[in-house]
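Colleague: When you get a sec, could you give me coordinates for this:
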Amino acid sequence: MSQSHQTDPARRARLRWRSRRGLLENDLILTRFLDANEAGLTDEEVDAFTRLLDLSDNDLMALLLGRTEPQGEADLPHVHAMLSRLRVA
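Modeller: Numbers count the residues shown, from 1 in each chain. Next comes the predicted model:
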């Protein structure tokens, strides 16, 4: 059985590392969000966060600023919910 995000220190470290972005604005939003919320994230929320991390910096910034909405594989209810939380972070 695989461990959840909360019980696996390697997964937590990997998520934090992936949150470091080329665009400073993305980096600040993502790390601020993790600093405040990481300890309480569910596996579904981590999945949503990870799907957003899979995007390019420019696409992610457009989503965070509300210029676009998730499309394709990221167009899922839990990704929309995570994006709403990130927009107010």
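Colleague: Ser4 - how many residues pack around it?
Modeller: For Ser4, the count of nearby residues is 12 (other CB atoms under 10 Å). Bear in mind the C-beta positions are built from the backbone N, C-alpha and C, glycine included.
Colleague: excluding its backbone neighbours, what's nearest it?
Modeller: Asp43 (5.2 Å; CB to CB, 6 or more residues apart in numbering).
Colleague: Tell me, how many residues neighbour the one you found?
Modeller: Around Asp43 there are 13 residues (other CB under 10 Å).
Colleague: can you tell me how far it sits from Thr50?
Modeller: According to CB to CB, to the nearest Å, Asp43 and Thr50 sit 10 Å apart.
Colleague: now Pro9
Modeller: From Pro9 across to Thr50, the span is 17 Å (CB to CB).
Colleague: Same drill for those two, tell me which one is more crowded.
Modeller: Between Pro9 and Thr50, counting by other CB under 10 Å, Thr50 is the more crowded of the two (17 against 9).
Colleague: Would you mind pulling the contact partners of the helix ranked longest in the chain?
Modeller: Identified as the longest helix of the chain according to DSSP state H is helix 24-37. For helix 24-37, contacts defined as CB atoms under 8 Å, 6 or more residues apart in numbering pick out 15-16, 19-21, 53, 57, 60-61, 64, 85-86, 89.
Colleague: Recalculate using a threshold of 7 Å.
Modeller: For helix 24-37, the surrounding residues in contact (CB atoms under 7 Å, 6 or more residues apart in numbering) are 16, 19-21, 57, 60-61, 64, 86, 89.
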